[in-house]
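Engineer: With the sequence up front, the predicted model follows.
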Amino acid sequence: MSTPRESLTGTVEPAGADTVLHPKLRSAFRNKFSEENFLPNPDQSPLFSVIIPVFNESESIPELYTSIDAVFTSMKSEYEIIFVNDGSTDDTLDVLRLLAKKSSRITVIDQRRNFGKAIALDTGFQAARGDIIITMDGDLQDDPKEIPPMFEKLNAGFDLVSGWKQKRYDPWHKTVPSKLFNFMTAQLSGVCLHDFNCGFKMYRCEVVKSIRIYGEMHRYIPALAHWKGFRVAEISVKHHPRKYGKSKYGIERLLRGFFDFVTIAFITKYHAKPMHFFGKLGFWLILAGSVSGIYLASLWIIREIFSVTSIGPIGTRPLLFVAVLFIVAGLLFFATGLICEMILYYFKDLTIDSYITKEIYREDSSNTKESRKKKR
């Protein structure tokens, strides 16, 4: 695994932006940035960290920063903004550097190329220092004025608040597939949200520090958080028409999203018990193959022992090959399940952070109740 290193321009770049760091290495990742004066002093942690992945959004960035600054100024809250430049080919990086020179609240992370939104967000999560994490898009379609209502909702006892763009200013070829995607994801995950695709979200820091995202999995963060026991809520937010440029997403994202949908379906249900998945498939395949084999064996006995010539040869029947195929496939599924269980057991020390402890209560010797939160 590569380590953060300094480029010719003097900026420090994250360790292999296409690599998702193990949670145990994330603190070292953040400390490295601080040592290079890439981030402010880690002892002066802000309350809010706003993470904004950008790709060719040079025209939107100054206006977005002004809006965000106005909101937090009215809230009288300390904040930082982490812009993750995801391989922009225009002058986005130059604009970000100029803003960073004007404000110490701005952090710029420049990725080597366009790795996608999930990797950009994960990079921002690793660098964030705030207790409250906010993610939003850099195209001015998300309204920073929605931050105070989202914060109020978060303080109502939730760990993640997701935006819901009730009135969207997007073309039909984006809204129709999005509605279908949201319905399927809600049914699968058990999280009753209307808009999983909305990038405008607010999290407690322990949520983003306990999940790993890659590919197109940024859409499934609410489902992953729910699976880990965090409380998820939704709030209606304003959605503005795109002011500059055009959407960077094409129809091909639907196919990538479907593959990640299947991955999430498997991870959320069978992450700690893969044998329950592969074992069930193997059982039913072996059962179907065995029943077919017993049926063919019965026909062979009737034909050979009782000399019933009306029954044709067994060896040339397609059902015989299907029965053998099912039994062999079932055994392979069983073997796959056992191998997964062995791998899970061997790496159990690396996956222990999948189970998050919220709080620990203890009675001390003086009969006073002690409570502390345990964060990973």
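Structural biologist: Everything's here; your move.
Engineer: C-alpha from now on. contacts and neighbour counts both.
Structural biologist: Noted.
Engineer: so who does the nearest residue to Ile61 once chain neighbours are set aside touch?
Structural biologist: Using CA to CA, 6 or more residues apart in numbering and skipping the chain neighbours, the partner closest in space to Ile61 is Gly138 (6.6 Å). Contact analysis of Gly138 by CA atoms under 8 Å, 6 or more residues apart in numbering lists Ile52, Pro53, Val54, Glu57, Ser60, Ile61, Leu64.
Engineer: Mind exporting the C-alpha coordinates of stretch 232-243 to CSV?
Structural biologist: Taking C-alpha atoms only, stretch 232-243 is exported to CSV below (Å, rounded to 0.1, in the frame of the first residue of the first chain):
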residue,chain,number,x,y,z
VAL,A,232,-31.4,6.8,9.6
ALA,A,233,-33.9,9.6,8.8
GLU,A,234,-34.9,11.6,5.8
ILE,A,235,-35.8,15.3,5.4
SER,A,236,-37.2,17.1,2.3
VAL,A,237,-34.6,19.5,0.8
LYS,A,238,-34.7,22.0,-2.0
HIS,A,239,-33.2,21.1,-5.4
HIS,A,240,-32.1,23.7,-7.8
PRO,A,241,-31.6,23.5,-11.5
ARG,A,242,-28.1,23.1,-12.7
LYS,A,243,-26.6,26.6,-13.2
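Engineer: mind listing what's buried in stretch 123-140?
Structural biologist: 123-130, 132-140 (16 or more other CA atoms under 10 Å).
Engineer: Of those residues, which belong to strands?
Structural biologist: Per DSSP state E, strands hold the following members of the buried residues of stretch 123-140: Ile132, Ile133, Ile134, Thr135.
Engineer: Next, the contact list for the last one, please.
Structural biologist: Contacts for Thr135 were tallied using CA under 8 Å, 6+ apart; they are Val50, Ile51, Ile52, Leu121, Gly199, Phe200, Lys201, Met202.
Engineer: on that earlier part again, tell me the one among the contacts of Gly138 nearest to Lys238.
Structural biologist: Closest approach to Lys238 among these (CA to CA): Leu64, at 14.8 Å.
Engineer: For that closest one, pull up the helix or strand it's in.
Structural biologist: helix 61-75 (DSSP states H and E).
Engineer: Likewise for Lys101?
Structural biologist: Assigned by DSSP H and E, Lys101 belongs to helix 92-102.
Engineer: Taking helix 61-75 as reference, get the angle to that helix.
Structural biologist: 40 degrees (axes from the mean of the first three to the mean of the last three CA atoms, to 10 degrees).
Engineer: So, low pLDDT: which residues of the stretch 1-150 of the chain?
Structural biologist: Counting by pLDDT under 70, the ranges of the stretch 1-150 of the chain that qualify are 1-44.
Engineer: Distance of the residue sitting furthest away from the middle of the chain relative to Ala225?
Structural biologist: The centre of the chain is farthest from one residue, Ser307, which by CA atoms, centre = their mean lies 64.3 Å away. Separation of Ser307 from Ala225 (CA to CA, to the nearest Å): 65 Å.
Engineer: Return the helix holding Leu64 as PDB; C-alpha atoms alone will do.
Structural biologist: Taking Å, rounded to 0.1, in the frame of the first residue of the first chain, the C-alpha atoms of helix 61-75 are listed here in PDB:
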ATOM      1  CA  ILE A  61     -17.200  26.500  -6.600                       C
ATOM      2  CA  PRO A  62     -16.800  30.200  -5.600                       C
ATOM      3  CA  GLU A  63     -20.600  30.700  -5.300                       C
ATOM      4  CA  LEU A  64     -21.000  27.400  -3.400                       C
ATOM      5  CA  TYR A  65     -18.300  28.400  -0.900                       C
ATOM      6  CA  THR A  66     -19.900  31.800  -0.300                       C
ATOM      7  CA  SER A  67     -23.300  30.200   0.400                       C
ATOM      8  CA  ILE A  68     -21.800  27.600   2.800                       C
ATOM      9  CA  ASP A  69     -19.800  30.300   4.700                       C
ATOM     10  CA  ALA A  70     -23.000  32.400   5.100                       C
ATOM     11  CA  VAL A  71     -24.900  29.500   6.600                       C
ATOM     12  CA  PHE A  72     -22.300  28.600   9.100                       C
ATOM     13  CA  THR A  73     -21.700  32.200  10.000                       C
ATOM     14  CA  SER A  74     -25.400  32.600  10.800                       C
ATOM     15  CA  MET A  75     -25.200  29.400  12.900                       C
END
